[in-house]
Structures are given as structure tokens and as C-alpha cells.
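*Asks:* Sequence and predicted structure, then a few things I'm wondering about:
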Amino acid sequence: MVKKILVFNVGSSSIKYSLFEDLNLVDSGNFEKLKTKEDYSKSVEEIFKKINGNHISFIIHRVVHGGDLKKPSKITKETKEKIKEYSEFAPLHNPKQLMVIDLCEKYKKTQYAVFDTMFFSEIPDVAKFYAIPKEITKKYGIKRYGFHGLSHEYVSRDLKGKTITCHLGSGSSMSAILNGKAIDTTMGFTPSEGLIMGTRSGTIDPGIIFFLEKKGRNAKELLTEESGLKGLTGFNDFRDILSKMKKNKDCKLAYEMLVYQISKIIGSYIVALGGLDNLVFTAKIGENVPKLREDVCRYLSVFGIEIDKEKNRLNSEIISSKKSNVKVFVKKTNEEKMAVEKVLKIL
Ligand code: ADP
């Protein structure tokens, strides 16, 4: 019998839902600018009414932080405790996701959680730990968890060998994957580490934080909401950067910094993987900006990576030239479908 599966992707001020019949998407929608618990509650009720929630087989929630959890978890009291425990690591997301799980309980459907961190739960120790006192690592669980795992897994799951995935959206991360298993990723203890993002600085010298705090500035707000592309240019939408960069020096520099960072990390991941078979671009920027892919691949010509300009211009699935040492892909990500596949697998 066909299973009807409702997937929730709850953000810090939004609820996206997708309705699947087995692996086929049949309905989806987005509720934005949600502030209070009532806003979330009303949205959940509307969704259940719209999709005729009585006929749902089960519900899946995408949860940002699952700590060391390796697999999708059925929602029980213990799972909720865990999600709550990891709220401290993902304060914008986990509490809202837990709230929607609670709001769904009255519909008496089995619920599952899939975690953005799962894909990275087994990265090797050399990539996992920070060089901070051991007892601090242990006491607080400060280590690399990685995020966007569903996306990195989705776009790499058909690829064998050595793969690098670049998820470039409003939040961005990259991952090194060996035969389907992640071995490194750019996001770390929180989704603040790594690449320049829409409003996040990405990796910076921790000394900057000490300095800002000494000056009485709110480092957290500055580095997560006012930095990245927005901090460099005033615009956090990559489309603005692209359209203005011919005349606007700040936009040009922000673009070049991002291309440089991505290329440099690819170089380091080629070393981590001991070579490269596949390079994948995904998420809205990765999927839609041929110029960025071309400019990154220009840096990578030293590795014999070459793209076919026409295929790249068309956002084709394979954009590498026949001569290229590495296959270069443009893949549309689908985190919700990956979530459904993962839960169906454990059932
Ligand atoms: P996330 O899931 O992290 O929110 P998305 O994959 O939806 O990220 O990407 C959103 C960002 O991608 C937007 O903020 C915008 O900057 C950029 N973007 C969206 N569409 C395009 C496009 N057609 N061309 C270039 N950039 C785009």
C-alpha cells in the first residue's frame, strides 16, 4: 500500500512541509514570518487540514542537531530529551523543531526525526576534534558535528570513489566523501564555521571574537547576522552580488573571496581524500550560477579539472569536459526526499 508521508522542515521563523506518496512528492508549501507559538500552531493546523492529515502514514521532522545520533529516530520521550539536550548547540532551530513535534502529537501519528548531523557522525578523529583541552571537549561535547548532511548525502549517494560536495545556498558547506562516507566537512560545532555565507562570517580568527567582546560589541550577532556577503557588501542575496559586481567593488571582492575559499578547500579535500573522482555543486547558488562554477574550476585546472563551457552554461547534470580528470556535476538537492528514503530504510 502507498505510504503517505508528511515531512516538516522547520526553521527559526518558518515551516516548510512536503507530502510524499512513497518517494513521490505530491504537495508542498511554506509558512513564513512565524514568531509566536500560536503562529506555529496555526500553521500546523492549516497544513493538516489542507492535506487531510487523517490519512497520513507517518510524519518526519528534519532536525538540525542530533549530536552523536547516527540514524533516524522514532519520536519517543527519550528522543525528545536528546533534541532538547542539543538545543543548546542549535538554539535557533532545535527548540522550534521540538515545538512542532509537540504540536503534531495530538494527531496521533508515528513521528520520526532525521538529523542534519547524522551523515558526519563517523568522520575520523583527525577531522572531528578541535585542539582545545580534552576535558572541555568531553564535558561540553565541543567537536565537529557538521550540517546539511541530508543534502550532501543526497547529491553524492550515486557516486563511487572520492567525492567533494559543495552545498552553496544562504547557508553553505562543503564535504569530502569517500565511497559514500563523509570524512570531513566545513561546518563544525555550529553551522557558523567554514565558508562565507549570506550573513555568517564563516571561519575567522577566534581572536576577533575576544577583541569584539572587549570592545563591548555583540560578537554573536555581528558574526552570524551581520557578516558574510551582507557584511562585505550590504547584500545577502547572491543574485544581488552577481548583478552588481561589474560596477560595485565590494560585490566583486565578496564574489572573489567566496570563489577563492571554495577552491582552496577543494584543494585541501583532494589531499584528505588522496585524489578526486567527482565534484558536485548543489543548493541554489551551486545549481544556478555557471560563472561561479567556471571560476572555481579555473583554479582547479592544476588538478586536470576542466569544464565544458556550454554544458556549464546550461546547468547540465555533468558539466566536465571529456578530457577532465574529474567528473563535475550540478545536482539539485532534495533534503526532504533523502529524509523519506532514510526513514523508509529503517522501517
Ligand atoms: P538554504 O536552503 O540554505 O536557505 P538555498 O539553497 O535556498 O539555501 O539558497 C538560497 C540563496 O541562494 C539565496 O539567498 C540566494 O542568495 C541564492 N539564490 C537563489 N536563487 C538563485 C539564483 N537563481 N541564482 C543565484 N543565486 C540564487
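*Replies:* The structure has been received and is ready for your questions. Numbers count the residues shown, from 1 in each chain.

*Asks:* any idea where the strands of the stretch 1-150 of the chain begin and end?
*Replies:* 4-10, 15-21, 24-31, 58-63, 73-74, 110-115 (DSSP state E, counting those that start in this stretch).

*Asks:* how about JSON lines for those strands, with mean neighbour count and distance to the ligand added?
*Replies:* (Glycine included, C-beta is placed from N, CA and C.) Below are these laid out as JSON lines (neighbours: other C-beta atoms under 10 Å; distance: least, C-beta to the nearest ligand atom, whole Å):
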{"stretch": "strand 4-10", "mean neighbour count": "24", "distance to the ligand": "9"}
{"stretch": "strand 15-21", "mean neighbour count": "21", "distance to the ligand": "10"}
{"stretch": "strand 24-31", "mean neighbour count": "14", "distance to the ligand": "11"}
{"stretch": "strand 58-63", "mean neighbour count": "24", "distance to the ligand": "11"}
{"stretch": "strand 73-74", "mean neighbour count": "18", "distance to the ligand": "23"}
{"stretch": "strand 110-115", "mean neighbour count": "24", "distance to the ligand": "16"}
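
*Asks:* Tabulate these in CSV, adding columns for mean pLDDT.
*Replies:* Below are the strands of the stretch 1-150 of the chain laid out as CSV (pLDDT from 0 to 100):
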stretch, mean pLDDT
strand 4-10, 97
strand 15-21, 98
strand 24-31, 97
strand 58-63, 98
strand 73-74, 98
strand 110-115, 98
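
*Asks:* Can you check which of those gets nearest to E317?
*Replies:* Among the strands of the stretch 1-150 of the chain, strand 24-31 comes nearest to E317, with 19.2 Å by C-beta to C-beta.

*Asks:* So, low pLDDT: which residues of the stretch 201-347 of the chain?
*Replies:* The stretch 201-347 of the chain contains no residues with pLDDT under 70.

*Asks:* which bits of it sit near the ligand?
*Replies:* Taking C-beta under 6 Å from any ligand atom as the measure of proximity, the stretch 201-347 of the chain contacts the ligand at 237-239, 283-285, 288-289.

*Asks:* Report the buried members of those residues.
*Replies:* Among those, those classed as buried by 16 or more other C-beta atoms under 10 Å are 238, 283-285, 288-289.

*Asks:* Now, these that are in helices?
*Replies:* 238, 283-285, 288 (DSSP state H).

*Asks:* ok, and the closest non-adjacent residue to P191?
*Replies:* F147 (4.6 Å; C-beta to C-beta, 6 or more residues apart in numbering).

*Asks:* Just want the phi and psi numbers for that neighbour.
*Replies:* phi -140, psi -180 (degrees, to the nearest 10).

*Asks:* List the contacts of it.
*Replies:* 64, 116-117, 171, 173, 185, 187, 191 (C-beta atoms under 8 Å, 6 or more residues apart in numbering).

*Asks:* filter these down to the ones close to the ligand.
*Replies:* When C-beta under 6 Å from any ligand atom is applied, the members of the contacts of F147 adjacent to the ligand are G171.

*Asks:* In a markdown table: the contacts of F147, plus pLDDT and neighbour count.
*Replies:* Below are those laid out as a markdown table (pLDDT from 0 to 100; neighbours: other C-beta atoms under 10 Å):
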| residue | pLDDT | neighbour count |
| --- | --- | --- |
| V64 | 95 | 26 |
| D116 | 96 | 26 |
| T117 | 97 | 25 |
| G171 | 94 | 19 |
| S173 | 98 | 29 |
| T185 | 98 | 28 |
| M187 | 97 | 29 |
| P191 | 93 | 25 |
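
*Asks:* residue ranges for the helices of the stretch 151-300 of the chain, please.
*Replies:* 206-214, 219-225, 228-233, 238-244, 249-273, 283-288, 290-299 (DSSP state H, counting those that start in this stretch).

*Asks:* how close does the residue of the stretch 1-150 of the chain found nearest the ligand get to C251?
*Replies:* Using C-beta to the nearest ligand atom, the closest approach of the stretch 1-150 of the chain to the ligand is made by H148 at 7.8 Å. As for H148, its distance to C251 is 25 Å (criterion: C-beta to C-beta, to the nearest Å).

*Asks:* Of these two, give the one with the bigger neighbour count.
*Replies:* H148 (29 against 22; other C-beta atoms under 10 Å).

*Asks:* Good, we can wrap up now.
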